[in-house]
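J.: Only the shape, not the letters, is given here:
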């Protein structure tokens, strides 16, 4: 059975991805910064007959927490097949570029940008021991500089100084990470699950978690001929949902 670690998986899209991958015969380490909430999420999955799941405490902005989680997993498994960097925060809106609190920007970047980097680094040893490692970094359509420069884009007016830029930075990191590992069995992609109705946006998105979860899970399940170093968005209607950067 393949193994997967998903950060921020105790609710919303992360929880749905955990459910769908568990149904695809992956053993899921359900990451949650609050272990109690993680265990409650695991209980919900087990009530649905999915016993191949375990909660693990991981706060992506806390280096000690990330290191401890990596140590715990290394004691349990010999390799990690899938890492999904899903944990993220918005920082709250509006985010006026001229009035925004720079401490808030730093907090958003700590979770959305530096957090995934630290998690990836700490779990790289286990990932390299997998025969077919997959990394999925969860982003947003608001990360696309091309779309943000297009007045005809449906979300053109949704601008902010923290959330979108933090995901743009994550996109850039994903490109260089995929390039470094391009001659290996890694498949590393940046995935936007679309504007989905969740707690994250006060349930205002038109999409649903089932479709969003399926879209993210798709890139955790890529075969050997799958893409790497690419940006795919459920909201973008181009070929194969591949979004411009």
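T.: Received it, and whenever you're ready, just let me know what you need. The model shown is predicted, which means the values in this text are computed figures rather than measured ones.

J.: following the longest helix seen in the chain, which helix or strand comes up?
T.: For the chain, the helix with the greatest residue count under DSSP state H is helix 163-180. Going down the chain from helix 163-180, the next helix or strand is strand 187-192, by DSSP states H and E.

J.: thinking again about what came up before, looking at the longest helix of the chain now, give me its mean pLDDT.
T.: Helix 163-180 shows a mean pLDDT of 98.

J.: helices and strands around that helix, which ones?
T.: Applying 3 or more CB pairs under 8 Å, 6 or more residues apart in numbering; DSSP states H and E, we find helix 163-180 packed against helix 102-109, helix 115-128, strand 134-138, strand 187-192. Where you see a C-beta, it was placed from the backbone N, CA and C, and this is true even at glycine.

J.: If we use 7 Å, what do you get?
T.: In terms of contacts (3 or more CB pairs under 7 Å, 6 or more residues apart in numbering; DSSP states H and E), helix 163-180 is packed against helix 102-109, helix 115-128, strand 187-192.

J.: Could you pull up the residues touching the spatially most central residue of the chain?
T.: Here the mean C-alpha position of the chain is nearest to the C-alpha of residue 86 (CA atoms, centre = their mean), at a distance of 2.5 Å. The contact partners of residue 86, by CB atoms under 7 Å, 6 or more residues apart in numbering, come to 6, 7, 8, 9, 13, 14, 17, 138.

J.: can you rerun that using 10 Å?
T.: Going by CB atoms under 10 Å, 6 or more residues apart in numbering, residue 86 touches 5-9, 12-15, 17-18, 31, 60, 116, 136-138, 191, 193, 216.

J.: what does residue 194 give?
T.: Going by CB under 10 Å, 6+ apart, residue 194 touches 13, 140-141, 205-208, 211-212, 215-216, 233-236, 241.

J.: Which of the helices and strands packed on helix 163-180 sits closest to residue 163?
T.: Relative to residue 163, the nearest member of the helices and strands packed on helix 163-180 by CB to CB is helix 102-109, separated by 6.0 Å.
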